[in-house]
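In: any chance you could fold what I've pasted below:
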Amino acid sequence: AAGNDGYQNQGAIDRGNLLTSEDLLADPAGVSRHKIMPEDELELAVLAAELEAALLVKQDLMPAPTESPAATTETTTQPTIQATTQQTTKATTQATTQATTAVPTTEATAAPTEAPVAQPVRAAASNNRVIGYYGGWKSLEGYTPDNIDGSKLTHVLYAFAYIDSNMRIGMGSSKYDPSNFAKLRALKERNPHLKTLISVGGWDWSGRFSDAALTEESRTVFADSCVDFILKHGFDGVDLDWEYPVRGGQAGNTKRPEDKQNFTLLMKKIREKLDAQSAKDGRPYLLSFAGGGTAEYASVTELDKLGQVVDFAMLMSYDYHGKWDARTDFNAPLYPVPHSPKYQINYNINDTVNNWLNRGMPAEKLVIGIPFYGIKYTGVASTDNGGFYQDFDTGWAISYKDIAEKYLTNDSYTISAGAFVGTD
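Out: Numbers count the residues shown, from 1 in each chain. Below is the predicted model:
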């Protein structure tokens, strides 16, 4: 406010007659010889601040302040000046002292570099998969894994491991599995491109899937056991053959409505554990499942979400018909059969594939199952339509080996409308 015309006109203070801080330093007592009017309190406050700063400079406690342009206030009212004056001296001194005290500095140090986190390795995508299931029990018939022509396959799925009461997977047979596993490892050595997976469940051993998938704890136990199993026995991945979530399968199997969501959660947990192992050893591990060919199966599973987790999925596009039907029918028809009776569902591979695709399963991950076996019906009421869509007494599956040896060269049987018709 120094130099304000109003103050000068009142003659309250003359800047030329006011002591400076330098004068007061030279003669502190000199201030008593100058009269300061009450209305000049702001000038006094400014002078006091300059004095204290000058004293600090003299005592080498702070650097000399640099001169800055004086602030001017043309419209400030008297009450504001008085309120400001009461706090100016002390506040200005404290602020100046704090701001000018030397602050110790430290050298900047570079943040420690963290080691890169290992990432899981995934198997390369492929549109060329020729997958074969090998049933461990076939070794009892003399067909051991060393008889498999590995050059014709990309993957061999070993059927089956089971689920124990602790929700861990185990060998289906302690009698022949160890020897078969050793032969599978030798088969891979002769065919480096070949991958093997342990298939869990199947028709006979799906009873505990619902329990294994039920909780986070049970899913973790199951998934950990899958990783332990494949590492111990030299497999490249895990295949789940749950027959079936929610409903279907054997009568004694545990089934729950929440199997639909829990199946997805179980597969995600297995993928999580496989990826964790892959991050450790740099190997890709495979995950797959086999799914039913009916529209009902597609409605009780989350095929779109499962498709994002697995490397591939096998359509059980077979057993569309069998001894459970009222009439004889095709095992695995490619397209709808015109003569199939209306009261017997006209299942076929084409409809199944389109249903899975429409529900979100990626086409590149879908593998169509082809049955290398047939259905034998006995007591068929008529040979009309080649024996199809007729009443029968009983039926069962027969292997391709039996078909080739007993029927293809048997003159007692003739091929009629796609079936061998004859009498044993």
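In: just for the stretch 201-350 of the chain, where's the confidence low?
Out: Counting by pLDDT under 70, the stretch 201-350 of the chain contains low-confidence residues at 342-343.
In: quick one, helices of it?
Out: In order along the chain, the stretch 201-350 of the chain carries the following helices (DSSP state H, counting those that start in this stretch): 209-212, 216-233, 259-281, 295-299, 303-309, 349-358.
In: among those, which is nearest residue 183?
Out: Of all the helices of the stretch 201-350 of the chain, helix 216-233 sits nearest to residue 183, with 11.7 Å by CB to CB. Any C-beta I mention is one placed from the backbone N, CA and C, and that applies to glycine too.
In: buried residues in the closest one?
Out: For helix 216-233, the buried set under the neighbour-count rule, 16 or more other CB atoms under 10 Å, comprises 218-227, 229-230, 233.
In: tell me which of the helices of the stretch 201-350 of the chain sits nearest to residue 320.
Out: Go through the helices of the stretch 201-350 of the chain one by one with CB to CB and the one that ends up closest to residue 320 is helix 349-358, at 8.2 Å.
In: related to what we said a few turns ago, out of the helices of the stretch 201-350 of the chain, flag the one nearest residue 190.
Out: Across the helices of the stretch 201-350 of the chain, closest to residue 190 is helix 216-233 (CB to CB), at 17.9 Å.
In: check the burial of residue 179 by counting its neighbours.
Out: By the other CB atoms under 10 Å criterion, the neighbourhood of residue 179 contains 14 residues.
In: what strand or helix carries it?
Out: helix 177-190 (DSSP states H and E).
In: and the gap between the closest residue in space to residue 327 that isn't next to it in sequence and residue 287?
Out: Using CB to CB, 6 or more residues apart in numbering and skipping residues adjacent in sequence, the residue nearest residue 327 is residue 389, 4.8 Å away. Noted for residue 389: a distance of 40 Å to residue 287, by CB to CB, to the nearest Å.
In: can you check residue 309 too?
Out: Taken as CB to CB, the spacing of residue 309 relative to residue 287 amounts to 7 Å.
In: neighbour-wise, which of these two wins?
Out: Remark: of residue 309 and residue 287, residue 287 carries more neighbours, 24 against 19, as counted by other CB under 10 Å.
In: who are the contact partners of the more buried one?
Out: When contacts are counted by CB atoms under 8 Å, 6 or more residues apart in numbering, residue 287 touches 237, 238, 239, 267, 270, 271, 274, 309, 310, 311.
In: could you pull out the strands for the chain?
Out: Secondary structure of the chain (DSSP state E): strands at 131-135, 155-163, 169-171, 195-201, 237-241, 286-292, 312-316, 366-368, 373-378, 394-399, 413-416, 419-422.
In: each with direction, which strands does the second one pair with?
Out: When pairs are called by DSSP bridges, strand 155-163 turns out to pair with strand 131-135 (parallel), strand 169-171 (antiparallel), strand 195-201 (parallel).
In: quick one, the first one and strand 237-241 angle?
Out: Between strand 131-135 and strand 237-241, the angle comes out at 70 degrees (axes from the mean of the first three to the mean of the last three CA atoms, to 10 degrees).
In: not counting residues beside it along the chain, what's closest to residue 229?
Out: On the basis of CB to CB, 6+ apart, the spatially nearest residue to residue 229 that is not a chain neighbour turns out to be residue 169, at 5.5 Å.
In: wait, what's in contact with that neighbour?
Out: Applying CB under 8 Å, 6+ apart to residue 169 gives the contacts 161, 162, 163, 198, 200, 222, 225, 226, 229.
In: ok, now with 7 Å
Out: Contact analysis of residue 169 by CB atoms under 7 Å, 6 or more residues apart in numbering lists 161, 162, 163, 200, 225, 226, 229.
In: related to what we said a few turns ago, residue 247 is nearest to which of the strands paired with strand 155-163?
Out: Each of those was checked against residue 247 via CB to CB, and the shortest separation belongs to strand 195-201, namely 15.8 Å.
In: now that closest one against helix 259-281, angle please.
Out: Inter-element angle recorded for strand 195-201 and helix 259-281: 150 degrees (by the same axes, to 10 degrees).
In: CA atoms only: put strand 195-201 into CSV for me.
Out: Listed in CSV are the C-alpha atoms of strand 195-201, where the atom choice follows Å, rounded to 0.1, in the frame of the first residue of the first chain:
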residue,chain,number,x,y,z
LYS,A,195,0.6,-86.2,-28.8
THR,A,196,-1.1,-88.3,-26.2
LEU,A,197,-3.9,-87.4,-23.7
ILE,A,198,-5.4,-89.2,-20.8
SER,A,199,-9.1,-89.4,-21.1
VAL,A,200,-11.1,-89.3,-17.9
GLY,A,201,-14.5,-90.8,-17.3
